[in-house]
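In: Provided below are the primary sequence and the corresponding predicted coordinates.
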Amino acid sequence: MPMPNVTRLRDKTPTLFLGAFVGLALAACQPKPVEGPSQVVEGLRLDYGVTDSSVVAAHAQDHTEAQMHGGPPEGTDHITLAVVDSKTNARVDDATVLLSVQGPGHPGHNTMPLEPMTVNGDTTYGGYVSLRHPGQYRLTFNVARAGRQHDPAKAVFAYERSN
């Protein structure tokens with residue numbers, strides 16, 4: 001059996017350590033997902049929810065929920081995010097909200113906008129996404145208030161899908 005070329009391995013060692021260091025540094029920069037449906041970030045309380053689209057489709061056709069976002073695609077989930085000023089408790093209705101999903105079937109490279117909608121007189125943001133596979137999902141919401149489009153608040157949640 002030939003012996004490995006120790007010189008070639010030694011030459012690659014700094015590169016391997018640098019790569020490992022950069023990987024660990026980037027992982028450390030990722031915020032840890034919050035368990036539970038609510039968190040406060042940069043003066044905003046963010047509350048999310050996930051509902052099977054069949055529940056939304058079952059609403060009476062004259063309800064706004066049944067018609068939201070063009071109607072529910074089959075086999076999807078409806079994600080909602082309530083954005084509230086944590087000091088005044090007032091709903092924020094002028095934000096741009098983007099959602100990124102990582103988890104089973106979602107590598108996390110796609111971002112989708114959540115549309116403003118009015119439910120029971122309050123503005124909430126929502127959209128349809130498939131979270132059908134059992135497992136752990138990472139939901140990252142970027143919320144940019146009017147005038148702060150380039151400096152959004154970022155909230156990361158852990159969502160567990162069973163069955």
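Out: Received, thanks.

In: does residue 148 sit in a helix, a strand or a coil?
Out: coil (DSSP: H, G, I helix; E, B strand; the rest coil).

In: per-residue pLDDT of it, please?
Out: Listed pLDDT for residue 148 reads 78.

In: and residue 60, by the same measure?
Out: pLDDT at residue 60 comes out at 44.

In: what helices or strands is the top strand by length along the chain leaning on?
Out: Using DSSP state E to define each element, the chain has its longest strand at strand 106-119. The helices and strands touching strand 106-119, judged by 3 or more Cβ pairs under 8 Å, 6 or more residues apart in numbering; DSSP states H and E, are helix 64-67, strand 77-85, strand 96-103, strand 122-129, strand 135-144. Quick note: C-beta positions are derived from backbone N, CA and C, even for glycine.

In: beta partners for residue 138?
Out: Legend: beta-bridge partners of residue 138 under DSSP bridges are residue 102, residue 158.

In: over to residue 153?
Out: Going by DSSP bridges, residue 153 forms beta bridges with residue 143.

In: these two touch, right, it and residue 40?
Out: No. At 9.5 Å, residue 153 and residue 40 do not qualify as touching, with contact defined as Cβ atoms under 8 Å.

In: now do the contacts for residue 122.
Out: 82, 91 (Cβ atoms under 8 Å, 6 or more residues apart in numbering).

In: ok, now residue 132?
Out: 75, 76, 77, 105, 161.

In: ok, residue 154 next?
Out: Residue 154 sits next to 31, 41, 140, 141, 142, 143 when contact means Cβ under 8 Å, 6+ apart.

In: pretty sure residue 54 sits in a helix.
Out: Yes. The assignment for residue 54 is a helix, going by three-state DSSP.

In: look at the residue lying closest to it once chain neighbours are set aside and say how many residues are nearby.
Out: Sequence neighbours aside, residue 72 is the residue nearest to residue 54 in space, at 7.5 Å (criterion: Cβ to Cβ, 6 or more residues apart in numbering). Counted with other Cβ atoms under 10 Å, the neighbours of residue 72 add up to 23.
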